[in-house]
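# build the 3D model from these lines:
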Amino acid sequence: MTKVKFATTWLDGCSGCHMSFLDLDERLIELGERIELVYSPLVDFKDFPTDVDACLIEGAVSSEDDLHKVQMVRERSKVLIAFGDCAVTTNVPGMRNAIGTAAVLERAYCDNATHNRGIPDEIIPRLLPKALPVHHVVHIDCFLPGCPPQADLIWRVLNELLDGQAPAAAKLARFGK
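Take a look at the predicted model:
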C-alpha cells in the first residue's frame, strides 16, 4: 500500500493545534501505517517537499514570511487543510487588526520592553498590515476549526481524507452542537 505524503506546518499561532494533533496518542501509530510524514515542525525536517498529498496548516498569515510560506505550501500540496481557529478566522493573531501594526510593534518592543527598547528591523519578519485567515490568501480544501481542534475531530477528518471522502469538519465542530 502506498502511503499518503503528509505534512503539517505553522504560521502565526501558539502551536496548540499541533499539541492537539499529538493528543491522538496511540492513534498516531495507526495513522503512521497510512501516512509518510514528510514535513512538520514537530520533527527535524528542514525543507518543505515539492509533492505533498495533504497538509495541515496552523496559524494566521501575519507576516511577509507567513505569506511566502503559505503560498509555497499551497503550490506543493494537493490538499490543504486550515488547521485551527487561527488559520480559519485569525483568532488571537487577528486581535491586532483593530490597533494597527505600528501601534502593536511600539507597545511590544518599546512600551513593554525592559531591555533593548526599540523595534527590531532585521530580526523579526515584516508584519502585514492585517493578520489574515489562510483562505484569504490561498485556496483551502478543508476547514478544521477549534482552539485547538479536539483530537477526536482531527482523527475523524484525517481518516475521512485518507478514505477518499470530503470531510465537513466545520459542521462537526460548531458551537452549541
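
# now do the SS call for the nearest residue to residue 132 once chain neighbours are set aside.
On the basis of Cβ to Cβ, 6 or more residues apart in numbering, the spatially nearest residue to residue 132 that is not a chain neighbour turns out to be residue 61, at 4.4 Å. Every residue, glycine included, has its C-beta placed from N, CA and C. Assigned with DSSP: H, G, I helix; E, B strand; the rest coil, residue 61 falls in the strand class.

# next, work out how far apart the most centrally placed residue in the chain and residue 118 are.
Against the mean C-alpha coordinate of the chain, by Cα atoms, centre = their mean, the closest residue is residue 58 at 1.0 Å. Applying Cβ to Cβ, to the nearest Å, the value for residue 58 to residue 118 is 30 Å.

# so what's the residue count around residue 7?
24 (other Cβ atoms under 10 Å).

# got it, and the one 5 residues further on?
Counted with other Cβ under 10 Å, residues neighbouring residue 12 total 25.

# wait, what's in contact with it?
Applying Cβ atoms under 8 Å, 6 or more residues apart in numbering to residue 12 gives the contacts 59, 60, 61, 62, 63, 66, 86, 93, 131.

# name the nearest residue to it, ignoring sequence neighbours.
Going by Cβ to Cβ, 6+ apart, residue 12 has residue 62 as its nearest residue, at 3.8 Å.

# can you list contacts of stretch 138-145?
Counting by Cβ under 8 Å, 6+ apart, 56, 70-71, 73-74, 79-85, 88-89, 134-135, 153-154, 157, 161, 166-167, 169-170, 173 sit against stretch 138-145.
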